[in-house]
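**Student:** what's the 3D shape of this:
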Amino acid sequence: MPTRILLVDDHAIIRQGLSSLLEKQPDIEVVGSVEDGRQAVDTVRQLTPDLVIMDISMPNLNGIDAARKITEEINGVKIIALSIHSSRRFVAEMLKAGASGYILKDCLFGELMEAIKTVLGGGIYLSPKITGVVIDDYVQRLSKQYQSNGPTLSDREREVLQLLSEGKSTKQIALQIHVSTKTIESNRRNIMDKLKINSVAELTKYAVREGITPLES
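**Tutor:** Okay, here's the model as predicted:
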């Protein structure tokens, strides 16, 4: 049986390029290609691929929160992050969310294939350029460090924060995640109270700085 792969990136040319390269490999089948984290979660629920290759900075739902949802809901799906970000914080948060691999977008295709082989074999793969992130202590040390630097938002609050920072109205957010406008208004108040932020502009700056939303939608 071929390894079934889902591609997730908000740039169509990257998805098309990866799909073309991967489909030429024996025993690999690209079963889907989507442009944001929310579509990724829905598609994984429907298709249950073996592996998701996913960007981090995407509109609607970023790769970190999408990875968390996928690994919490669907057993056995492996995730490799494919990102421009090489900072310790992004790597640690993605691994904490359940990814088994993290490679940079400037890598060669051969490195991606090595990452796929390693992850499907049960290992963890990091690009050589980011090996400064120590795998063994990323939960105990790095994650604790970043959590202690500020208030902790719930998964739903992070989701609402991303959509708010992308300019969506309360009604639009409520329709998108299937809850009432009152619930979204309550989430928004809680977010602002926790972060001690009083404007959407400042919320947007916070969301970009923390990697919750991309610089460009």
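**Student:** okay, and the helix or strand of this structure with the least pLDDT?
**Tutor:** The helix or strand of the chain with the poorest confidence is helix 144-148; it has a mean of 55 (mean pLDDT, DSSP states H and E).
**Student:** what's downstream of that one, the next helix or strand?
**Tutor:** Using DSSP states H and E, the helix or strand that directly follows helix 144-148 along the chain is helix 155-165.
**Student:** Show residues contacting that following helix.
**Tutor:** 60-62, 65, 68-69, 153, 172-173, 176-177, 184, 187-188, 190-191, 194, 200, 203-204, 206-208, 212-213 (C-beta atoms under 8 Å, 6 or more residues apart in numbering). In short, each C-beta sits where N, CA and C put it, glycine included.
**Student:** Keep only those of the residues you listed that are in helices.
**Tutor:** 65, 68-69, 172-173, 176-177, 184, 187-188, 190-191, 194, 200, 203-204, 206-208 (DSSP state H).
**Student:** Quick one: buried ones out of those?
**Tutor:** The neighbour count (16 or more other C-beta atoms under 10 Å) marks 65, 68-69, 173, 176-177, 184, 187-188, 191, 203-204, 206-207 as buried among the ones in helices among the contacts of helix 155-165.
**Student:** Just put those in JSON lines and tack on distance to residue 42.
**Tutor:** Listed next are these as JSON lines, based on distance: C-beta to C-beta, whole Å:
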{"residue": "65", "distance to residue 42": "14"}
{"residue": "68", "distance to residue 42": "15"}
{"residue": "69", "distance to residue 42": "10"}
{"residue": "173", "distance to residue 42": "17"}
{"residue": "176", "distance to residue 42": "12"}
{"residue": "177", "distance to residue 42": "12"}
{"residue": "184", "distance to residue 42": "20"}
{"residue": "187", "distance to residue 42": "21"}
{"residue": "188", "distance to residue 42": "24"}
{"residue": "191", "distance to residue 42": "24"}
{"residue": "203", "distance to residue 42": "26"}
{"residue": "204", "distance to residue 42": "25"}
{"residue": "206", "distance to residue 42": "27"}
{"residue": "207", "distance to residue 42": "22"}
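**Student:** Just flag the most distant two among those.
**Tutor:** 69 and 204 (22.5 Å; C-beta to C-beta).
**Student:** any idea which residue sits dead centre in the protein?
**Tutor:** The centre of the chain sits closest to residue 63, judged by C-alpha atoms, centre = their mean, with a distance of 1.1 Å.
**Student:** Apart from its chain neighbours, what residue comes closest to that one?
**Tutor:** residue 56 (3.9 Å; C-beta to C-beta, 6 or more residues apart in numbering).
**Student:** Any figure for the gap between that neighbour and residue 103?
**Tutor:** According to C-beta to C-beta, to the nearest Å, residue 56 and residue 103 sit 12 Å apart.
**Student:** No further queries at this time; thank you.
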